[in-house]
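Trainee: Model the structure of this input:
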Amino acid sequence: MRSDHAADGLNSSHKLHLLSSAQHADKLLGDVESILSASKSKSAFRKYKSSLPPAQVKVVEDYVARIRTQLVRVLEAEGIPLPEPAFESVHAMRVTLAFVRIAFQECTPNRMRGYGQIPEPEVRLLNGLVDEMVSAVERLDSYLARGLKEDLEAQLEGLSRAGADVGLLQILERIINDHGFVEFRPTLSMIIDRLETKGFEIALFGRVSSGKSSLLNHVVQSEILPVGVNPITAVPTRLVYGAIPSLTVWYADENPEQFDVSKLPEFVSERHNPSNYKHVTRILVELPSPRLRDGVVLVDTPGLGSLATSGAAETLAYLPRCDLGVVLIDGGSTLTEDDLSTIRTLYEAGIPASVLLSKCDLLGTEDQLRSSQYISDQISAQLGLTLPVHPVSIEPTHSFLLDTWLTEVILPLYDKHLQLMQESLFRKIGSLREAVETALKLRLDRTRLSEGEPDNSPAELDAVDSGLRSAVGRIAEARELCFQITYAIRGQGEQALMEAATRLTEMWFAGRTGPPSTVVQEILEQSASNKAGEVFRALRELARELAETLQSTAQALRFAESREEEDLAAAVNEMPKLDISPLPIDVTPGRFLKVSRRLSVRKVERELRRQIERRVSQAFSSFGSMLDAWSRRTLSELQVRFDAEADAYRAHINRMTTRGKVSTGEEVVAIARDLALLTEATSDARAEMTAS
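Mentor: As a prediction, this is how the structure comes out:
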């Protein structure tokens with residue numbers, strides 16, 4: 001064997017054993033490094049005491065590096081290649097974070113009751129603790145999932161090349177990274193996203209066949225949207241500028257896909273995608289249209305009042321997200337309750353509306369004026385709103401009406417929108433700068449933060465921290481309440497039919513008449529609305545409490561208040577509504593008034609069940625599921641908005657409780673330099689804002 005070795009070298013088994021031993025030795029060297037690192041760790045649960053001074057730690061690290069270098073040379077000399085890493089680090093970290101998340105979720109009150117009864121006052125705090133920690137883990141997981149997309153430095157460089165003034169933000173980004181202020185990253189990311197997205201979203205709403213798709217095609221000068229008498233647009237479709245036409249479709253259960261724009265009808269029409277069975281959640285069409293170049297985004301929504309139940313529900317869920325709602329009223333028809341409800345909902349969500357009278361080529365000049373004035377008067381009488389009605393048409397002989405509306409109404413609103421957005425961003429940037437400056441001063445020396453200002457006592461800081469945790473616990477309580485209500489709504493059809501039978505019978509015994517289908521439909525919608533209103537009120541109240549917690553925390557810590565109550569309330573948008581098409585009901589008073597009132601109610605209820613119970617049950621089941629999804633999204637958005645502010649306060653409390661001067665002269669110099677840079681950059685930004 002020795003002669004074989006001398007002649008041929010190590011065989012494959014020898015090499016495998018040597019490689020395995022080298023890998024094991026390298027792992028043990030990694031353990032040595034981990035021990036060194038753990039002894040210097042800031043962990044609350046340190047395993048090792050630090051027994052080596054920094055100079056000796058450096059010597060040990062150098063020895064480890066030297067051993068590894070020699071190990072590699074030995075393997076290379078024997079012709080043993082080093083294996084490539086087997087796992088992606090991001091994937092491994094995300095898997096580990098999943099176990100971290102599970103560890104915290106095992107600490108909820110329900111899962112800890114086996115260890116003994118939990119005092120009632122501690123339940124909310126314990127829920128808050130779990131949600132607070134899980135949320136922090138999920139933010140790190142989300143950051144890892146986004147990968148290069150979360151490169152804020154690259155995003156800022158791109159904005160700078162595009163001509164945006166982001167000097168102060170670039171300084172803030174570098175300071176946040178250099179000093180490990182991760183609690184400010186969500187706010188900074190939000191500001192950058194807003195700078196990158198300057199679009200003005202205009203959504204068109206209207207009944208089926210009111211001409212929405214045809215009008216949008218005319219505006220973008222392309223026959224991109226399908227038109228027809230059948231229900232069109234099963235999901236909202238966004239039109240944005242793009243140098244090359246393209247179609248991107250997002251799904252609830254699959255990755256997004258790109259298609260040729262000619263495939264659009266396969267996703268937006270009831271014929272090809274009935275009730276959205278393809279589970280499309282978002283559609284984006286890019287077009288080289290000059291009218292989209294300025295950042296205008298046009299949205300075609302499902303027709304209201306159509307047989308496309310899911311489409312109408314999508315419209316109602318989407319409605320509050322736009323910057324301007326355009327309500328299209330069919331010039332060949334008249335104003336309906338659906339039109340008034342859409343306008344009302346827009347204004348309740350704080351969104352301006354513009355009203356168009358379509359197909360005006362079918363009307364003479366006097367009829368146009370008369371119809372426009374009638375609709376405007378009805379809106380004023382029934383909603384208390386003064387809105388002009390603009391006649392429009394896509395026919396060549398009347399297209400100047402549409403061009404006039406675009407020039408005189410839309411573009412001025414877009415300019416104003418950009419101005420308001422710029423002012424809002426300037427306030428948010430100023431608030432972020434103040435928070436970062438405060439964090440730097442705390443790192444340097446708490447006494448330099450506010451000369452002569454009384455300090456927060458440990459008890460006060462504990463109370464503030466507990467208040468934030470309790471607020472997060474309220475989110476957990478609201479989540480459970482919303483689940484219970486939406487689960488109950490799924491089976492509410494039976495109770496609603498009983499209420500409908502009672503109302504019909506009482507009406508008949510009182511001598512009143514009316515279409516049974518109309519009466520029953522109103523009762524069903526009211527029954528659903530009453531129950532759903534509990535969800536809406538609970539989330540509105542939660543938003544108010546969260547805002548109050550942030551405001552009181554800011555005051556207690558002597559921060560400038562940067563989170564207005566409207567910011568949290570805005571997350572609770574208009575919820576979906578029960579959408580049930582007209583029901584074919586055949587019941588008449590004469591068949592049921594020959595017996596007692598109580599027996600009549602039972603007979604009417606039995607007949608209603610026979611005729612419409614299946615459709616009613618399906619409608620309530622779908623509505624409960626939609627409302628559950630909406631409430632989950634809303635709660636998630638509330639927690640994201642709350643945590644974006646609360647994290648800065650939590651980090652501030654941590655720095656207050658562990659404060660003290662920084663340890664090295666280099667750190668003192670670096671912090672002093674960054675504070676001076678912030679002051680200088682802020683002065684420049686204010687001067688430019690004043691000049692503009």
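
Trainee: could you pull out the strands for the stretch 301-450 of the chain?
Mentor: 324-330, 353-358, 389-391 (DSSP state E, counting those that start in this stretch).

Trainee: roughly how far apart are Leu29 and Leu52?
Mentor: Distance of Leu29 to Leu52, given as C-beta to C-beta, to the nearest Å: 16 Å. Just so you know, the C-beta spots here come from the backbone N, C-alpha and C atoms, and that holds for glycine as well.

Trainee: whoops, Ile379 was the one
Mentor: With C-beta to C-beta as the criterion, Ile379 and Leu52 are 79 Å apart.

Trainee: Looking only at neighbour counts, state which of these two leads.
Mentor: Neighbours were tallied for Ile379 and for Leu52 using other C-beta atoms under 10 Å; the higher tally belongs to Ile379 (23 against 13).

Trainee: So the more buried one sits against Ser372, correct?
Mentor: No: using C-beta atoms under 8 Å, Ile379 makes no contact with Ser372, being 10.9 Å away.

Trainee: Now do the shared contacts for those two.
Mentor: Common contacts of Ile379 and Ser372 (C-beta atoms under 8 Å, 6 or more residues apart in numbering): Val389.

Trainee: Now find how far off-centre the longest helix belonging to the chain is within its chain.
Mentor: Criterion DSSP state H: the longest helix present in the chain is helix 597-657. Computed by C-alpha atoms, centre = their mean, to the nearest Å, the chain-centroid distance of helix 597-657 equals 17 Å.

Trainee: Check which helices and strands it sits against.
Mentor: Helix 597-657 sits against helix 120-146, helix 185-196, helix 309-318, helix 411-444, helix 458-490, helix 493-509, helix 516-556, helix 565-569, with contacts defined as 3 or more C-beta pairs under 8 Å, 6 or more residues apart in numbering; DSSP states H and E.

Trainee: Quickly compare these and say which is most buried.
Mentor: Per-stretch averages of neighbours, counted by mean count of other C-beta atoms under 10 Å, single out helix 309-318 among the helices and strands packed on helix 597-657, with a mean of 22.

Trainee: What average pLDDT does that helix get?
Mentor: Averaging pLDDT along helix 309-318 yields 44.

Trainee: do stretch 280-294 as well
Mentor: Averaged over stretch 280-294, pLDDT sits at 81.

Trainee: likewise stretch 629-636?
Mentor: 84.

Trainee: May I see the buried residues of it?
Mentor: 630-631, 634-635 (16 or more other C-beta atoms under 10 Å).

Trainee: so which pair among those residues is furthest apart in space?
Mentor: Using C-beta to C-beta, those span at most 9.7 Å, a distance reached by Trp630 and Leu635.

Trainee: where are the low-confidence patches of the stretch 101-250 of the chain?
Mentor: 142, 145-152, 155, 158-165, 194, 196-199, 208-210, 228-234 (pLDDT under 70).

Trainee: so Val285 touches Leu264, yeah?
Mentor: Yes: contact criterion C-beta under 8 Å: Val285 and Leu264 qualify, at 6.6 Å.

Trainee: quick one, which of the two is more surrounded?
Mentor: Between Val285 and Leu264, Val285 has the larger neighbour count (other C-beta under 10 Å), namely 24 against 20.

Trainee: Check for me that the more buried one belongs to a helix.
Mentor: No: the assignment for Val285 by DSSP: H, G, I helix; E, B strand; the rest coil gives strand, which leaves it out of any helix.

Trainee: how deep is the residue nearest to Gln492 when sequence neighbours are not counted tucked in, by neighbour count?
Mentor: Among residues not flanking Gln492 along the chain, Phe620 sits closest, at 5.1 Å (C-beta to C-beta, 6 or more residues apart in numbering). Phe620 has 26 neighbouring residues, counting by other C-beta under 10 Å.

Trainee: who's in contact with Phe620?
Mentor: For Phe620, the contacting residues are 489-493, 496, 528, 578, by C-beta under 8 Å, 6+ apart.

Trainee: Take the residues you listed and lay them out in a markdown table including pLDDT and distance to Arg591.
Mentor: Output for the contacts of Phe620, formatted as a markdown table (pLDDT from 0 to 100; distance: C-beta to C-beta, whole Å):
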| residue | pLDDT | distance to Arg591 |
| --- | --- | --- |
| Ile489 | 90 | 31 |
| Arg490 | 89 | 32 |
| Gly491 | 88 | 29 |
| Gln492 | 87 | 27 |
| Gly493 | 86 | 23 |
| Ala496 | 87 | 22 |
| Ala528 | 86 | 28 |
| Leu578 | 77 | 28 |
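
Trainee: how about those residues, which pair is most distant?
Mentor: Gly491 and Leu578 (13.9 Å).

Trainee: Settle it for me: which of those two has more neighbours?
Mentor: Legend: neighbour count by other C-beta under 10 Å for Gly491 and Leu578, higher for Leu578 (26 against 12).

Trainee: quick one: the more buried one and Thr336, what's the gap?
Mentor: According to C-beta to C-beta, Leu578 and Thr336 sit 18 Å apart.

Trainee: do Lys15 as well
Mentor: 82 Å.

Trainee: what do you get for Glu153?
Mentor: 53 Å.

Trainee: Would you reformat the helices and strands packed on helix 597-657 as a markdown table and include distance to Ser37?
Mentor: Converted to a markdown table, those look like this (distance: least, C-beta to C-beta, whole Å):
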| stretch | distance to Ser37 |
| --- | --- |
| helix 120-146 | 19 |
| helix 185-196 | 24 |
| helix 309-318 | 49 |
| helix 411-444 | 22 |
| helix 458-490 | 28 |
| helix 493-509 | 61 |
| helix 516-556 | 34 |
| helix 565-569 | 40 |
